[in-house]
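**Student:** sequence unknown, structure follows:
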Ligand code: SF4
């Protein structure tokens with residue numbers, strides 16, 4: 001892995017691509033970094049938009065996901081749908097078996113309901129650690145975060161130096177999109193999507209930690225719904241130590 005970007009280069013990229021489309025950003029990613037950049041996805045609606053755009057540019061581009069072992073069947077269904085529709089062998093990352101075994105032996109299978117610290121430990125072991133290990137092997141990653149999702153994402157830029165992951169490039173091509181734009185794209189392009197979205201789940205994580213929300217409620221309120229004053233983030237896009 002070679003880190004190829006510094007803060008000046010990031011500034012220039014944000015200037016150059018400020019009015020460009022997500023497709024133009026993805027084309028640049030593939031042209032510049034090829035197999036040294038990968039799209040991260042959990043197969044939620046916004047991720048499906050980027051998968052479709054990226055696969056139309058290069059269906060050998062790298063896509064990866066983390067299987068925490070606690071996902072919904074509907075998530076596995078859409079993962080396999082993507083594999084066959086785009087003929088792409090999605091890279092599925094699993095957590096370290098020993099870490100999971102030690103965690104559940106000490107704290108039980110449903111430790112996340114017993115306090116934020118336990119929940120963050122579970123997210124760290126099942127989700128963040130596999131992702132962190134994977135990101136050591138690439139020069140950049142592409143994510144589908146949007147500024148309007150959470151206050152913690154409100155300042156996100158199209159191009160960032162990812163200081164949480166060794167200063168590699170982090171590209172957020174639809175950071176300025178809205179939920180409506182995401183669904184317009186999905187409907188117009190007949191993109192497959194997770195069927196839980198039709199059952200009242202605007203945001204989808206692990207099965208025991210996500211529930212449907214009512215019309216008009218904060219879309220993220222179904223994530224870790226029993227927590228009231230925590231950042232509704234797992235640690236992938238947010239540093240909980242600050
Ligand atoms: S979302 Fe829940 S089950 Fe999934 S990794 Fe985090 S705490 Fe564990």
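**Tutor:** That came through fine. Quick caveat: nothing in here was measured; it's all calculated off a predicted structure.
**Student:** neighbours around residue 187, how many?
**Tutor:** The tally of other residues near residue 187 (other CB atoms under 10 Å) stands at 10. Every C-beta, even on glycine, is put in place using the N, C-alpha and C of the backbone.
**Student:** can you confirm residue 42 is in a helix?
**Tutor:** No - counting by DSSP: H, G, I helix; E, B strand; the rest coil, residue 42 is located in no helix; its state is coil.
**Student:** now it: how far from residue 76?
**Tutor:** 12 Å (CB to CB, to the nearest Å).
**Student:** Repeat that for residue 127.
**Tutor:** Using CB to CB, one gets 16 Å for the distance from residue 127 to residue 76.
**Student:** more crowded one of the two?
**Tutor:** Neighbour count, other CB under 10 Å: between residue 127 and residue 76, residue 127 has more, with 23 against 14.
**Student:** pLDDT score for residue 240?
**Tutor:** Residue 240 carries a pLDDT value of 58.
**Student:** wait, residue 30
**Tutor:** Looking at residue 30, its pLDDT reads 97.
**Student:** Quick check: closest non-adjacent residue to it.
**Tutor:** Distances taken as CB to CB, 6 or more residues apart in numbering put residue 58 closest to residue 30, at 5.1 Å, once the chain neighbours are dropped.
**Student:** ok, so what distance separates that neighbour from the ligand?
**Tutor:** 31 Å (CB to the nearest ligand atom, to the nearest Å).
**Student:** Can you list phi and psi of that residue for me?
**Tutor:** Dihedral pair for residue 58: phi -160, psi 110, per degrees, to the nearest 10.
**Student:** Now for the residue positioned nearest the centre of the chain: which residues touch it?
**Tutor:** Centroid-nearest residue in the chain: residue 41, 4.5 Å away (criterion: CA atoms, centre = their mean). Going by CB atoms under 8 Å, 6 or more residues apart in numbering, residue 41 touches 47-48, 50-51, 63-65, 144.
**Student:** again, 7 Å this time
**Tutor:** With CB atoms under 7 Å, 6 or more residues apart in numbering as the criterion, the residues that contact residue 41 are 47, 51, 63, 65, 144.
**Student:** pLDDT score assigned to it?
**Tutor:** Checking the pLDDT column for residue 41, the value is 97.
**Student:** low-confidence ranges in this protein?
**Tutor:** Scanning the chain for pLDDT under 70 picks out the ranges 1-3, 230, 232-242.
**Student:** change it to 80
**Tutor:** The chain contains residues with pLDDT under 80 at 1-4, 149-154, 219, 228-242.
**Student:** Quick check: residues of it near the ligand?
**Tutor:** 68, 70, 112, 119, 122-123, 126-127, 205-206, 208-209, 234 (CB under 6 Å from any ligand atom).
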